[in-house]
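**Student:** Turn this into a model:
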Amino acid sequence: MRTVVLHYHLFKNAGTSLDQILRKNFGDRLVKAEFLSSLKGNTEQVEAWIADTPEAVAYTSHTMMGPLPRVRGVRIIPVILLRDPIARIRSAYQFERNQDAETWGAELAKKHDLEGYVRARLARDGDRQCRNFQTSRLATLTPSDAPELERAIASARAIQKAGVLGRVEDFAKALEDLTKLLKPEFSDFQAEAVRANVSKKSKDAVANAALDALLQEANQDDMELLSQIWK
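**Tutor:** Alright, predicted model coming up:
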């Protein structure tokens, strides 16, 4: 039985730090790919990716959606890191504000303060970056007619059983859990905490009750998700 790590790299959730640890351990046996989004998800493409790269040990992608993949003869250890949603949004804003890119998000962040950035993203049809982003992503792993939050919680439970559901705020614990799963197959695996792609905190951040209330309202499901998983 082949064992692989499948890292669902959520934007600004310490994914780059985790990828750096995987790279240090597995070198070019860590592979990356991105996929087109689809209402049906892209699980079949991910399964083909794993099956067609037998030399790989770790896989990472920002865009995997749909049920957890299953590949004959392969034990897949899924890994997802979650984070306080408001801290994640603030980090995403700082990242895009400092990013040398011409994407819509980067240009938006450079033109606006945090409140303007958040309001613009919330007003944009289909943009989940500032509205229950983590719930929306986890929910795709459990397709059904159930409410999004219910599906996200079910997906989180499935990740906990099969792999690692970690918290950015307790990154060391996530690494400890991953190490326990990998040591039987990869005895040399070592996971020392690193900090990569960390966004600098804004020096001119000021108290903004209206923005705080807006963020709280727009991310109630994300906060409930974390509350349900880590009671």
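
**Student:** so what's the closest residue to R119 other than its chain neighbours up against?
**Tutor:** Spatially, and ignoring its direct neighbours in sequence, R119 is nearest to L214 (7.4 Å; C-beta to C-beta, 6 or more residues apart in numbering). (C-beta placed from N, C-alpha, C; glycine too.) If you count contacts by C-beta atoms under 8 Å, 6 or more residues apart in numbering, L214 has them with E115, V118, R119, L122.

**Student:** Pull out the buried residues from the strand or helix carrying L214.
**Tutor:** Of the helices and strands defined by DSSP states H and E, L214 is found in helix 209-218. Of the residues in helix 209-218, L211, L214, L215, A218 count as buried by neighbour count, 16 or more other C-beta atoms under 10 Å.

**Student:** Against Y117, how distant is the third one?
**Tutor:** With distances taken as C-beta to C-beta, to the nearest Å, L215 is found 11 Å from Y117.

**Student:** Which neighbours do these two have in common?
**Tutor:** The contact sets of L215 and Y117 overlap at C130 (C-beta under 8 Å, 6+ apart).

**Student:** Touching, G73 and T3? I think so.
**Tutor:** No. Using C-beta atoms under 8 Å as the test, G73 is too far from T3 to be in contact (10.5 Å).

**Student:** More neighbours: those two, which one.
**Tutor:** Counting neighbours by other C-beta atoms under 10 Å for G73 and for T3 shows that T3 has the greater number, 14 against 8.

**Student:** Can you list the strands that the helix or strand harbouring the more buried one pairs with?
**Tutor:** Using DSSP H and E, T3 sits within strand 2-8. When pairing is defined by DSSP bridges, strand 2-8 lines up against strand 58-61 (parallel), strand 74-82 (parallel).

**Student:** And the contacts of the shortest one?
**Tutor:** This points to strand 58-61. Counting contacts by C-beta under 8 Å, 6+ apart, the residues touching strand 58-61 from outside are 4-9, 15, 18-19, 22, 25-26, 29-35, 46, 49-50, 53.

**Student:** Put together a markdown table for the buried residues of helix 209-218, with pLDDT and distance to K40 on each row.
**Tutor:** What follows is the buried residues of helix 209-218, written out as a markdown table (pLDDT from 0 to 100; distance: C-beta to C-beta, whole Å):
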| residue | pLDDT | distance to K40 |
| --- | --- | --- |
| L211 | 96 | 36 |
| L214 | 96 | 33 |
| L215 | 97 | 31 |
| A218 | 98 | 27 |
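
**Student:** Averaged pLDDT, the helix or strand following the strand holding T3. What do you get?
**Tutor:** Following the chain from strand 2-8 toward its C-terminal end, the next helix or strand by DSSP H and E is helix 15-26. Across helix 15-26, the average pLDDT comes to 97.
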